[in-house]
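Student: the sequence and its predicted three-dimensional model are supplied below.
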Amino acid sequence: MRRVAAEALLRLWTERAEIDKYRDELSALEDVLDILEDVGFYIEAEQISAEVAHNHLYHWIRLWWFAGRPFVEAHQKREPPRWDHVALLYYETSVVEKRRMPKQRKAEVDAVLDDVTLNRFLLEECDLVIDRAEPTKATAP
């Protein structure tokens, strides 16, 4: 799911295409966002804390939020409440991140991730998932 979502976003960015062109491929991104949406809902409903979500998911929350944000915003023009808990999840876990950061580095949390960072993240997501999917080969002793 993450690999397919990352590949679709990379194609979308590379071609500077309209989101509708990759609607089918971007359905995997919807799945990623749906999971993050659920976690954000659990935070709002006080079923889990922002600290727990931060501890387990902050790296992916931050990167998928910035990578998928144009897609989210495009959907929210037609359906405003769609994935609104993803934004809440990002902001709530970023508060936790700021508390843990040294004072001189707190501004890094609010910094928008640049295209180079997001591109590298999406490429890593492709490779990570592909590597996990490949069976390991047994070698003779």
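Tutor: In hand now; what should we look at?

Student: which other residues reach the host helix or strand of Glu30?
Tutor: According to DSSP states H and E, Glu30 maps onto helix 27-44. With contact meaning C-beta atoms under 8 Å, 6 or more residues apart in numbering, helix 27-44 is reached by 1-5, 8-9, 48-50, 53, 57, 60-61, 64-65, 68, 71-72, 83, 85-90, 92. All C-beta spots, glycine's among them, are computed from the backbone N, C-alpha and C.

Student: neighbours of Val96, just the number please.
Tutor: 18 (other C-beta atoms under 10 Å).

Student: my read: it touches Val52, true?
Tutor: No: between Val96 and Val52 there is no contact under C-beta atoms under 8 Å: 9.5 Å.

Student: centroid-nearest residue for the chain?
Tutor: Trp64 (1.4 Å; C-alpha atoms, centre = their mean).

Student: wait, what's in contact with that one?
Tutor: Trp64 makes contacts with Val32, Leu33, Leu36, as judged by C-beta under 8 Å, 6+ apart.

Student: now the second one, nearest residue through space, not along the chain?
Tutor: If the residues on either side of it in the chain are set aside, Leu33 comes closest to Trp83, at 5.1 Å by C-beta to C-beta, 6 or more residues apart in numbering.

Student: what pLDDT does the one you found get?
Tutor: With respect to pLDDT, Trp83 scores 94.

Student: quick one: it from Cys126, how far?
Tutor: From Trp83 across to Cys126, the span is 22 Å (C-beta to C-beta, to the nearest Å).

Student: need the helix or strand of this protein with the lowest average pLDDT.
Tutor: Every helix and strand of the chain was ranked by mean pLDDT, DSSP states H and E. The lowest is helix 115-133, at a mean of 74.
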